[in-house]
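Peer 1: Structure for the following, please:
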Amino acid sequence: MKLLRMKEEQIRMIKFGDDSPDFVSIIKEKSMLAESTCYTRNCKHYLGVRWLGDEESTEVNYCEAFPDGIPDGIAYGDNRHYSPYPGDHGIQYEPG
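Peer 2: Got it, this is the predicted structure:
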């Protein structure tokens, strides 16, 4: 079964035949990729999430600068990508 990415409030509204808190927590954990700072900061170059292979475990955030996956230090870390970074094709953060 392929699970869709959902916000916490959406998960709470869905009835799977078992609405216990433990069950909802399991669904939430299995169906969500951590939110990228590129997305939350609304970078105009951010394109979304995609799979690099055939399995959900290959899911990555990608953008115009990093079409094969945004480095973790930028996507989830403290690097705001205001200046050039190896492999960014000359594209840095810009507000969208």
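
Peer 1: Arg80: neighbour count?
Peer 2: 13 (other Cβ atoms under 10 Å). (Glycine included, C-beta is placed from N, CA and C.)

Peer 1: pLDDT score for the closest residue to it other than its chain neighbours?
Peer 2: The shortest distance from Arg80 to any non-neighbouring residue, by Cβ to Cβ, 6 or more residues apart in numbering, is to Tyr93 (6.1 Å). At Tyr93, the pLDDT value in this model is 97.

Peer 1: what about Tyr93, helix or strand, and which?
Peer 2: Following DSSP states H and E, one finds Tyr93 outside all helices and strands.

Peer 1: Can you give me the neighbour number for it?
Peer 2: 23.

Peer 1: quick one: it from Asn79, how far?
Peer 2: 10 Å (Cβ to Cβ, to the nearest Å).

Peer 1: So the residue nearest to Arg80 is in contact with Asn42, correct?
Peer 2: No: here Tyr93 lies out of contact with Asn42, judged by Cβ atoms under 8 Å, at a distance of 9.9 Å.

Peer 1: quick one on the thing from earlier: could you pull up the contacting residues of the residue nearest to Arg80?
Peer 2: Cys38, Arg41, Cys43, His45, Arg80, His81, Tyr82 (Cβ atoms under 8 Å, 6 or more residues apart in numbering).

Peer 1: Swap in 10 Å and give it another go.
Peer 2: When contacts are counted by Cβ atoms under 10 Å, 6 or more residues apart in numbering, Tyr93 touches 37-38, 41-46, 63, 65, 74, 79-83, 85.
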